[in-house]
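> sequence? don't have it. structure:
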């Protein structure tokens, strides 16, 4: 008995009730293989796969993919929207204040602790967005703890 084959991108589109087009397949695959890409980078990735596509067409397709639950739109404060293929869970993000790099952060405890706020004010909560802010390793000042400073005129020994 063999394991079931993973669904293709086209099957995912059909399963979400969307029409399968070369541009949508290319866009969904670009989102899934990218790392929290913005619209310009996604458009470039789609163009690399299928040729010309307008930015407007990319925006429209992203809207349809997000509405269908196939991609997730994140928009850290002060930064343009980014898109990711990790959907269906309640993970969070960490954003670099310097370069804007974004990475996924799993919930700290259990499957989705942030879905139980101390006071929901009567809302039917179905998602929580937590954004951690800081400085990524690439932008952090270099730690030169392994280098030894030799005073002028001195010696090391």
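Perfect, I can see it now. This is a predicted model, so every value here is computed, not measured.
> First-to-last residue distance for stretch 85-93?
14 Å (Cα to Cα, to the nearest Å).
> what about it, average pLDDT?
Stretch 85-93 carries an average pLDDT of 87.
> any idea how far it is from the chain center?
8 Å (Cα atoms, centre = their mean, to the nearest Å).
> List the contacts of it.
Under the contact criterion Cβ atoms under 8 Å, 6 or more residues apart in numbering, stretch 85-93 has outside partners 28, 31-34, 36, 69-72, 74, 76, 102-107, 111-112, 114-115, 127-132. (Glycine included, C-beta is placed from N, CA and C.)
> Residue 45 - how many residues pack around it?
Neighbourhood size, residue 45 [other Cβ atoms under 10 Å]: 19.
> Revised request: answer the last question for residue 26.
21.
> Now it. Nearest residue, chain neighbours left out?
residue 49 (4.0 Å; Cβ to Cβ, 6 or more residues apart in numbering).
> For that neighbour, the count of nearby residues, please.
Based on other Cβ under 10 Å, the number of other residues close to residue 49 is 14.
> Also residue 12?
Residues near residue 12, counting by other Cβ under 10 Å: 20.
> That one touches residue 70, doesn't it?
Yes - the pair residue 12 / residue 70 is scored as a contact, 6.2 Å apart, by Cβ atoms under 8 Å.
> what do the two both touch?
Shared contacts of residue 12 and residue 70, counting by Cβ under 8 Å, 6+ apart, come down to residue 28.
> Spatially central residue for the protein, please.
residue 36 (3.0 Å; Cα atoms, centre = their mean).
> what residues are up against that one?
74, 82, 83, 84, 93, 102, 103.
> Identify the residue nearest the last one in space, chain neighbours excluded?
Using Cβ to Cβ, 6+ apart and skipping the chain neighbours, the partner closest in space to residue 103 is residue 94 (5.2 Å).
> hmm, which of the contacts of residue 36 are the buried ones?
74, 82, 83, 84, 93, 102 (16 or more other Cβ atoms under 10 Å).
> hey, what's the fourth one bridged with?
Applying DSSP bridges to residue 84 yields these beta-bridge partners: residue 72.
> That one contacts residue 66, correct?
No - counting by Cβ under 8 Å, no contact exists between residue 84 and residue 66, whose distance comes to 10.3 Å.
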